[in-house]
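Enquirer: build me a model:
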Amino acid sequence: MKYPDDFINKVIQGDCLDVMKDIPDNSIDCVFADLPFYQEWQEEIDDAIYSGLTKQEKKIINYSIWNKKLINEIDRILKNGGNIILVNSPRYILSTIHLWLDKFIFRNQIPLIRKGSLRPAWMLGFQHNIMIFLVKGDKKLKWNGARKNHDKSFPTDVWLDIPYQNGYRGKGVGNWHPEAINLPIVERAIYLNSMEGDVVLDITAGSGTTGVACKKLNRNYILIEKDPKYVKMAEERINAI
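Expert: Numbering: from 1, shown residues only. Predicted coordinates:
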């Protein structure tokens, strides 16, 4: 594949770590990373480090190995001042955020509140995921939000005006993907963390919500998705704009 002709404003089927190897250094303005759970890097599993660990502890170790490889690639391709929009559940954010902060600067955290909740008793009814804004280098270079303290023309870090609605299920308009994030939330996040004409990379694109938001906001996009079903769905949604 040739960058940028085969990448810019395209949906690319493949593993994000493999595809990102073909993206040049310092060429991406913003990365959207709605990470999967339990992603493992099987090639580097060492049984010796698993002695006496629980199944959950083993999964977190594998997940951390995968995150480290992902972070290194993002650090390589992201421009100075480029932003990262990182989304995950509290458990996995808390387990891996120290790895991200070794490379990037924390900007803010946005709680994403579901209308309903999962009901495991030990979690008090799990009802939110977390969106974190990170930046590489200059905080002001690619920031499209408030520039002065107490600027009320921009939202705070609690977005009660937009429903999260994580997990569109069943048939009907808007029911694109079981883990889809509501388009207005993605639009706002991309608007704040990039400028018109920038290149936004979504490494786990799902049904293409980031591409739809970029097209509406006059940003360029690169979407990476493993599942061919969602690659096709993403292309159809974006082409319909």
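
Enquirer: sort out which residues of stretch 52-65 are buried, please.
Expert: By neighbour count on 16 or more other C-beta atoms under 10 Å, the buried set for stretch 52-65 is 59-63, 65. From N, CA and C alone the C-beta is placed, and that goes for glycine too.

Enquirer: pick the one among those residues closest to residue 19.
Expert: Distance to residue 19 across these (C-beta to C-beta) is lowest for residue 65, with 18.9 Å.

Enquirer: same for the helix or strand bottoming out on mean pLDDT in the chain, what does it pack against?
Expert: Least confident element among the helices and strands of the chain, by mean pLDDT, DSSP states H and E: helix 55-77 (a mean of 89). The contact analysis (3 or more C-beta pairs under 8 Å, 6 or more residues apart in numbering; DSSP states H and E) places helix 55-77 against helix 16-20, strand 28-34, helix 90-101.

Enquirer: and the angle for that helix with strand 28-34?
Expert: When axes from the mean of the first three to the mean of the last three C-alpha atoms, to 10 degrees is applied, the directions of helix 55-77 and strand 28-34 differ by 170 degrees.

Enquirer: how far is helix 55-77 from where the chain is centred?
Expert: Counting by C-alpha atoms, centre = their mean, to the nearest Å, helix 55-77 is centred 14 Å from the centre of its parent chain.

Enquirer: could you export it as CSV, CA atoms only?
Expert: The C-alpha atoms that make up helix 55-77 are tabulated as CSV, following Å, rounded to 0.1, in the frame of the first residue of the first chain:
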residue,chain,number,x,y,z
LYS,A,55,-6.8,-15.6,34.7
GLN,A,56,-7.7,-11.9,34.9
GLU,A,57,-4.1,-10.9,35.8
LYS,A,58,-2.8,-12.8,32.8
LYS,A,59,-5.3,-11.0,30.6
ILE,A,60,-4.1,-7.6,31.9
ILE,A,61,-0.5,-8.5,31.2
ASN,A,62,-1.3,-9.5,27.6
TYR,A,63,-3.4,-6.4,27.2
SER,A,64,-0.5,-4.2,28.5
ILE,A,65,1.9,-5.8,26.0
TRP,A,66,-0.5,-5.0,23.2
ASN,A,67,-0.9,-1.4,24.4
LYS,A,68,2.8,-0.8,24.5
LYS,A,69,3.2,-1.8,20.9
LEU,A,70,0.2,0.4,20.0
ILE,A,71,1.6,3.4,21.9
ASN,A,72,5.0,3.1,20.2
GLU,A,73,3.4,3.1,16.8
ILE,A,74,1.1,6.1,17.6
ASP,A,75,4.1,8.0,19.0
ARG,A,76,6.0,7.4,15.8
ILE,A,77,3.2,8.5,13.4
